[in-house]
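> any chance you could fold what I've pasted below:
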Amino acid sequence: MAAGTLAVAVLLFPGLAFAAEAHELSGATMSLWWALPFVGLLLSIATGPLLFHHIWEHHYGKITALWAALVVVPLAIAFDIPLASEAVLHTLLTEYMSFIILLFALYTISGGILLAGNIHGTPQVNAMLLLIGAILASVIGTTGASMILIRPILRANDNRPFNAHVVIFFIFLVSNIGGSLTPLGDPPLFVGFLRGVDFFWTTTNLWRVTLFVGGLVLIVFLAIDIVLHRREGGAPKIKDPTPDATVRLRGLANLPLLAGVIGAILLSASWKPGISLSILGIGLELQNLVRDAIILALAFLSLRVSYKSHREANGFTWGPIAEVAKLFAGIFICIVPVIAILRAGHAGALAPLVALVTSPTGQPNDLAYFWLTGALSSFLDNAPTYLVFFELAGGDAQHLMTEAVSTLAAISAGAVFMGANTYIGNAPNFMVFAIARHRGVKMPGFFGYMAWSGLVLIPTFLIAGFLFFG
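Now for the predicted structure:
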């Protein structure tokens, strides 16, 4: 709402809005009060579904718009309309739109793919499904992989008295860790791609730590599942609510559409015609506009070629992606002054944070980046958290991919991996939790889940941090 009001003002008074020479906000002159809307919005997202669920469910869009307005209006007053409009519109048009278009496409296309049938959820079968899901997460995103596989894995284990741990490890591996190898996998990595990180950089530089962390967590799951499966052997048998049936992948017409999304992103990364179009005074590169148009067309084509019954069987609705679109619009607006302060470095109000991730010699402390990014990603959304530390490390993608490669790897791994520490660390986590509860799985509460992550994930991350970033 706030961004829309500002856009209308820009359209009505274009001479006023763009008469001045374009330049960035001066972060060195901004106090920490400018970060309050960003912190407030993230805390609202973290606590709203837990503390005031019904209010949040019906009014999260209004709450998000309020926090965004608390950024846009003061910016317009303090820095005048031309500079405020440029800062906000640049973020929305060059980053947010591409970001939400990709999420929309992956969510829509994966929703038309149905894994039908039922099998027995033995430890070996469960481990295989988790491995497949983790690999798939880097191809169609953690949200897409989670929505395709959570119901089949619930059906496979619905006759077992101990099955909550299967869902917990599903969140660990499929909804989080598995999405670390491409920008398609998890939102923070796509934000990095939009900021100039090469598409295959994540694959090249994160595969070792991902293999270590994912493999260790999968081994722990297999050991726990084997013990519980043996304990179930002496318990009374539970009749399988969904008898065995041949597993079949339906909605195959969507697979080439997913390949098309990947192709469109690779096209924008390699094709640089040097043509830029101006929209509301913001320069948009042609290759990015073509990429987004192709991705949108593929998403709408999926709606035409998919069977409605497949989407209904997947429980597909527009609610989750609509919520993500609204919340991230607010996040991208509220983070504008925070990024300006971070760009000021030691001259800005966040200088203590800069010092915390910098060694006495002035070099970046990769281990601190890994844990600080991860700690915040555990409770706040990992995409804006990644962006904060990306900027804190300098914000120059070319420098971070070369001279500071270990720092960017630490930020990326922390943001993706540690989103698994809580139900609210990553968007698919709570969706999987809700689906499992609806299917009758006795899932642990918020702190019960954190007990699992504390026992399994934190030791794993301690070892990985020491080995790869220490």
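
> residue ranges in this structure under the pLDDT threshold?
1-24, 234-244, 380-381 (pLDDT under 70).

> can you give me the strands in it?
Secondary structure of the chain (DSSP state E): strands at 114-118, 245-250, 276-279, 282-285.

> hey, C-alpha coordinates of the third one in CSV?
Read that as strand 276-279. Extracted in CSV, the C-alpha atoms of strand 276-279 (Å, rounded to 0.1, in the frame of the first residue of the first chain):
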residue,chain,number,x,y,z
SER,A,276,18.4,-1.5,-20.6
LEU,A,277,14.8,-0.3,-20.5
SER,A,278,13.6,2.5,-18.2
ILE,A,279,10.5,1.9,-16.1
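
> all helices for the stretch 151-300 of the chain, in order.
According to DSSP state H, counting those that start in this stretch, the stretch 151-300 of the chain carries its helices in the segments 164-173, 187-194, 201-232, 255-270, 286-305.

> looking at these, which is closest to Gly61?
Proximity to Gly61 (CB to CB) singles out helix 187-194 among the helices of the stretch 151-300 of the chain, at 19.2 Å. All C-beta atoms are positioned from the backbone trio N, CA, C, and that covers glycine.

> touching the closest one from outside, list them.
With contacts defined as CB atoms under 8 Å, 6 or more residues apart in numbering, helix 187-194 is touched by 94-95, 98-99, 102-103, 179-180, 182-184, 197, 199, 202, 265, 269, 377, 381-383, 385-387, 390, 397, 408, 412, 415-416, 427.

> so it versus helix 201-232, what angle?
170 degrees (axes from the mean of the first three to the mean of the last three CA atoms, to 10 degrees).

> chain center to helix 187-194: distance?
On the basis of CA atoms, centre = their mean, to the nearest Å, helix 187-194 sits 9 Å off its chain's mean C-alpha point.

> can you show me the CA trace of that helix as PDB?
What follows is helix 187-194, C-alpha atoms only, in PDB (Å, rounded to 0.1, in the frame of the first residue of the first chain):
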ATOM      1  CA  PRO A 187      15.200 -17.900  -1.500                       C
ATOM      2  CA  PRO A 188      18.400 -16.500   0.000                       C
ATOM      3  CA  LEU A 189      20.500 -18.000  -2.800                       C
ATOM      4  CA  PHE A 190      18.200 -16.600  -5.500                       C
ATOM      5  CA  VAL A 191      18.600 -13.200  -3.800                       C
ATOM      6  CA  GLY A 192      22.400 -13.700  -4.200                       C
ATOM      7  CA  PHE A 193      21.900 -14.600  -7.800                       C
ATOM      8  CA  LEU A 194      19.900 -11.300  -8.300                       C
END
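
> between it and helix 255-270, how big is the angle?
Going by the same axes, to 10 degrees, helix 187-194 makes 40 degrees with helix 255-270.

> between helix 286-305 and helix 187-194, find me the angle.
140 degrees.

> what residues of helix 187-194 count as buried?
Pro187, Pro188, Leu189, Phe190, Val191, Gly192, Phe193, Leu194 (16 or more other CB atoms under 10 Å).

> what's around Leu286, how many residues?
15 (other CB atoms under 10 Å).

> one more: Asp80?
Neighbour number of Asp80 under other CB under 10 Å is 13.

> separation between it and Pro74?
Separation of Asp80 from Pro74 (CB to CB, to the nearest Å) stands at 12 Å.

> one more: Met147?
Where Pro74 is concerned, Met147 sits at a distance of 39 Å (CB to CB).

> which one's more surrounded, those two?
Per other CB under 10 Å, whichever of Met147 and Pro74 has more neighbours is Met147, with 25 against 15.

> pretty sure the more buried one is touching Ile113, no?
No: with contacts defined as CB atoms under 8 Å, Met147 does not count as touching Ile113, sitting 9.1 Å away.

> spit out the residues that contact the two alike.
Shared contacts of Met147 and Ile113 (CB under 8 Å, 6+ apart): Asn314.

> any idea which of the strands of the chain is most buried?
The highest mean neighbour count among the strands of the chain, using mean count of other CB atoms under 10 Å, belongs to strand 114-118: a mean of 19.

> quick one, that one and strand 245-250 angle?
Going by the same axes, to 10 degrees, strand 114-118 makes 170 degrees with strand 245-250.

> show me what strand 114-118 is in contact with.
148-149, 151-152, 155-156, 240, 242-251, 310, 313-314.

> give me the number of residues near Leu252?
Around Leu252 there are 12 residues (other CB under 10 Å).

> quick one: the residue nearest in space to the middle of the chain and Leu257, what's the gap?
Nearest to the mean C-alpha position of the chain, by CA atoms, centre = their mean, lies Pro187 at 3.2 Å. Distance of Pro187 to Leu257, computed by CB to CB: 20 Å.

> pull out the buried positions in stretch 399-411.
Leu400, Met401, Ala404, Ser406, Thr407, Leu408, Ala409, Ala410, Ile411.

> please read the previous query as pertaining to stretch 155-170.
155-160, 162-170.

> now do the same end-to-end measure for it.
End-to-end distance for stretch 155-170, by CA to CA, to the nearest Å: 14 Å.

> do the same with stretch 392-405
End-to-end distance for stretch 392-405: 14 Å, by CA to CA.

> next: stretch 336-355.
22 Å.

> got it, and stretch 389-408?
End-to-end for stretch 389-408, by CA to CA: 9 Å.

> which other residues reach it?
By CB under 8 Å, 6+ apart, stretch 389-408 touches 191-192, 195-198, 201, 205, 339, 342-343, 350, 353-354, 357, 364, 366, 369, 372-373, 411, 414-415, 469.

> narrow the residues you listed to those that are buried.
The neighbour-count criterion (16+ other CB under 10 Å) marks 191-192, 195, 197-198, 201, 205, 339, 342-343, 350, 353-354, 357, 364, 366, 369, 372-373, 411, 414-415, 469 among the contacts of stretch 389-408 as buried.

> make TSV out of the helices of the stretch 151-300 of the chain and add distance to Trp67.
Formatted as TSV, those follow (distance: least, CB to CB, whole Å):
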stretch	distance to Trp67
helix 164-173	28
helix 187-194	19
helix 201-232	30
helix 255-270	30
helix 286-305	26
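
> tell me the contacts of the closest residue to Ala368 other than its chain neighbours?
Excluding its sequence neighbours, the residue lying closest to Ala368 (CB to CB, 6 or more residues apart in numbering) is Val357, at 4.6 Å. For Val357, the contacting residues are Pro364, Asn365, Ala368, Tyr369, Leu372, Phe389, Leu392, Ala393, by CB under 8 Å, 6+ apart.

> mind listing what the fourth one touches?
Meaning Tyr369. Applying CB under 8 Å, 6+ apart to Tyr369 gives the contacts Val357, Phe389, Ala393, Thr407, Ala410, Ile411, Gly414, Phe469.

> list just the nearest of these to Gly445.
Nearest to Gly445 among the contacts of Tyr369, with distances taken as CB to CB, is Gly414, at 25.3 Å.

> how much space separates the closest one from Val324?
21 Å.

> re earlier: what subset of the contacts of helix 187-194 is buried?
94-95, 98-99, 102-103, 179-180, 182-184, 197, 199, 202, 265, 269, 377, 381-383, 385-387, 390, 397, 408, 412, 415-416, 427.

> for the stretch 1-150 of the chain, what spans make up the helices?
2-12, 14-18, 36-51, 53-91, 97-111, 123-156.

> thank you kindly, that will do.
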